[in-house]
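J.: After the sequence you'll find the predicted model.
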Amino acid sequence: MKTIEFPAADSTLLHVEEGNVVARGEVGRTAGTLSLPDDVEPTITEVDGQTRLHLSRLLAISLPTGVTLQIEGRPRDVVLRNLSAAQVQQCSGDLVASDLETLHVSEAVSGDVALRKITHTAQVQVTRGDLAASHIANLQAPEVRGSVSISEVQRLHLGQIGGDLAVTGAGEADIQRVGGDASFSSVRDRLSLLKVGGDLAVNSPGQTVTAGQVAGDAALRGPLAAGGMYGITASGTVALRVSGGARLTVACRGDVISGADIALTQDAQGRFQGRIEGAEPLAELTIDAGGDVLINSSSRGQRRQHAHVEKEIKQAMQEVKRELRRTAATISEEARRARRSVEVELNGADVRENLGASVRDMVRDLLDSLDPQARSAPRPTPPRPAPPAARPASSPTRPAPPQQEVSMILDMLANGAITAEEAAALIDALRN
């Protein structure tokens, strides 16, 4: 690494083909200093009072604090600190800037942007990553494709934000579109939102809050300013926990749940009108919600929501019980039919001659296990049949089914391989 000193004019143009740029201003310095790799030779010229530096790569540059630095080319990461002003054409990596008066990025930053302590204006045209900024007088970011985190910005102007937005401490905020959720705390003067793709939360609002289209739920909490104007349109539920005098106008597709101290009346168009008592002049609060509206009654609203959920659970459980009862009745009926069919076979003369009492008891116990009602009912004792009458020798007799095959059929019935009707048919087939 080598160091080259050069005369620094009030304006310095730095053209870097690649690599990182670290630029800082130093109090008391009268000339500039370049820190370069040994194989890099810079071109240094002065045109119309401007110092122009052209080099392929750079490690660091030091300038007097009052110098305005302009960076061209396509550097990767850029770090700027303690300069009067900085202008960056584009950056293929991340951009970090602090302790500047002004910053302007005319094209795109491919990575993330972190800004801190910019006393006048910071403008970044396109940020493809995330943006974090704090203690800035005026921040303008027309397009941020990632998420944005803001703290203590006096004037905030954001265009299209692809991710979430969080703002803590601002004088005024003007936001066009947020793709995700948006959260604001202590916006002291005016908050204007055109569209929010997720939920919206506003704590400690200022004089004016306008939220045009909120796709999710919305919440407004904190004291309302006397004479303030507040309007929220949301597709979901809107929850208000506010203090201070206000006139209410509420339109919703759900229920309006308010505290006991808030009286609401409904007009011919279905809108609710009410008033929160407080000092004059009263604030104007207008809500348009696709769901419920909760006004200073979060606990009551939660109880109502819980009751609704419990009602749905009970209805589902009752339906399950009804289905179980229907299934049990069907099984019992099938078991009774099977019991009757097999007992008919057991009481038949031919089968009775080949099956002992123990086999009949085994089959009846099996059928009892399938039919709970049969277990509790006393089992009728079948009448003992009369001995068969003697038949003439010339008349053919119906052969009894073999004992082994009948046992196999009963085992198949017990294992559920066949139904009772199929078992009866097989036994009848063996007889024939």
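T.: Great, that's in hand. Here the structure is a predicted model, which is why all the values come from computation and not from measurement.
J.: pLDDT below threshold where in the stretch 101-250 of the chain?
T.: The model of the stretch 101-250 of the chain has no residue with pLDDT under 70.
J.: would you list every one of the strands in it?
T.: 113-127, 131-144, 148-161, 165-178, 182-196, 200-203, 208-214, 218-223, 229-234, 238-243, 246-252 (DSSP state E, counting those that start in this stretch).
J.: Residue 62: which element?
T.: For residue 62, the enclosing helix or strand under DSSP states H and E is strand 60-64.
J.: Parallel or antiparallel, which strands does that strand pair with?
T.: strand 21-26 (parallel), strand 32-36 (antiparallel) (DSSP bridges).
J.: Nearest to residue 191, out of these?
T.: Closest to residue 191 of these, according to CB to CB: strand 21-26, at 35.1 Å. (Glycine included, C-beta is placed from N, CA and C.)
J.: circling back to that earlier point, I'd like the mean pLDDT over the strand holding residue 62, please.
T.: The average of the pLDDT scores along strand 60-64 is 91.
J.: Please list the outside residues in contact with it.
T.: Contacts with strand 60-64, where a contact means CB atoms under 8 Å, 6 or more residues apart in numbering, come from 8, 12, 14, 21-26, 29-35, 53, 69, 83.
J.: Next secondary structure after that strand?
T.: Defined by DSSP H and E, the subsequent element after strand 60-64 is strand 68-73.
J.: before we move on, back to that, I'd like the strands of the stretch 101-250 of the chain laid out as a markdown table, including mean neighbour count.
T.: As requested, the strands of the stretch 101-250 of the chain are exported to a markdown table (neighbours: other CB atoms under 10 Å):
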| stretch | mean neighbour count |
| --- | --- |
| strand 113-127 | 20 |
| strand 131-144 | 20 |
| strand 148-161 | 20 |
| strand 165-178 | 20 |
| strand 182-196 | 20 |
| strand 200-203 | 20 |
| strand 208-214 | 19 |
| strand 218-223 | 19 |
| strand 229-234 | 20 |
| strand 238-243 | 20 |
| strand 246-252 | 19 |
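J.: JSON lines for these, including distance to residue 41?
T.: Compiled in JSON lines, the strands of the stretch 101-250 of the chain are given as follows (distance: least, CB to CB, whole Å):
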{"stretch": "strand 113-127", "distance to residue 41": "32"}
{"stretch": "strand 131-144", "distance to residue 41": "37"}
{"stretch": "strand 148-161", "distance to residue 41": "41"}
{"stretch": "strand 165-178", "distance to residue 41": "46"}
{"stretch": "strand 182-196", "distance to residue 41": "51"}
{"stretch": "strand 200-203", "distance to residue 41": "56"}
{"stretch": "strand 208-214", "distance to residue 41": "57"}
{"stretch": "strand 218-223", "distance to residue 41": "60"}
{"stretch": "strand 229-234", "distance to residue 41": "61"}
{"stretch": "strand 238-243", "distance to residue 41": "65"}
{"stretch": "strand 246-252", "distance to residue 41": "70"}
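J.: Which of those strands sits closest to residue 269?
T.: Nearest of the strands of the stretch 101-250 of the chain to residue 269, taken as CB to CB: strand 246-252 at 7.9 Å.
J.: Which neighbouring elements make contact with that closest one?
T.: Helices and strands touching strand 246-252, by 3 or more CB pairs under 8 Å, 6 or more residues apart in numbering; DSSP states H and E, are strand 272-276, strand 283-289, strand 293-295.
J.: what do you get if the cut-off is 6 Å, keeping everything else the same?
T.: strand 272-276, strand 283-289 (3 or more CB pairs under 6 Å, 6 or more residues apart in numbering; DSSP states H and E).
J.: Among these, which comes closest to residue 58?
T.: Short answer: strand 283-289, nearest of these by CB to CB, at 55.2 Å.
J.: For stretch 213-230, C-alpha coordinates in PDB please.
T.: C-alpha atoms of stretch 213-230 as PDB (Å, rounded to 0.1, in the frame of the first residue of the first chain):
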ATOM      1  CA  GLN A 213     -55.900   1.600   2.400                       C
ATOM      2  CA  VAL A 214     -54.700  -0.900   5.100                       C
ATOM      3  CA  ALA A 215     -55.100  -4.500   3.900                       C
ATOM      4  CA  GLY A 216     -54.900  -5.900   7.400                       C
ATOM      5  CA  ASP A 217     -55.800  -4.700  10.900                       C
ATOM      6  CA  ALA A 218     -55.100  -1.300  12.300                       C
ATOM      7  CA  ALA A 219     -54.500   0.100  15.700                       C
ATOM      8  CA  LEU A 220     -54.400   3.700  17.000                       C
ATOM      9  CA  ARG A 221     -53.200   4.300  20.600                       C
ATOM     10  CA  GLY A 222     -52.400   7.400  22.600                       C
ATOM     11  CA  PRO A 223     -53.800  10.900  23.300                       C
ATOM     12  CA  LEU A 224     -55.400  12.700  20.400                       C
ATOM     13  CA  ALA A 225     -54.400  16.300  19.700                       C
ATOM     14  CA  ALA A 226     -57.000  19.000  20.200                       C
ATOM     15  CA  GLY A 227     -58.500  19.800  16.800                       C
ATOM     16  CA  GLY A 228     -56.600  17.000  15.200                       C
ATOM     17  CA  MET A 229     -57.800  15.000  12.200                       C
ATOM     18  CA  TYR A 230     -57.600  11.200  12.200                       C
END
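J.: got a list of contacts for it?
T.: With contacts defined as CB atoms under 6 Å, 6 or more residues apart in numbering, stretch 213-230 is touched by 195-205, 207-209, 232, 234-244, 246, 279, 281, 283-285.
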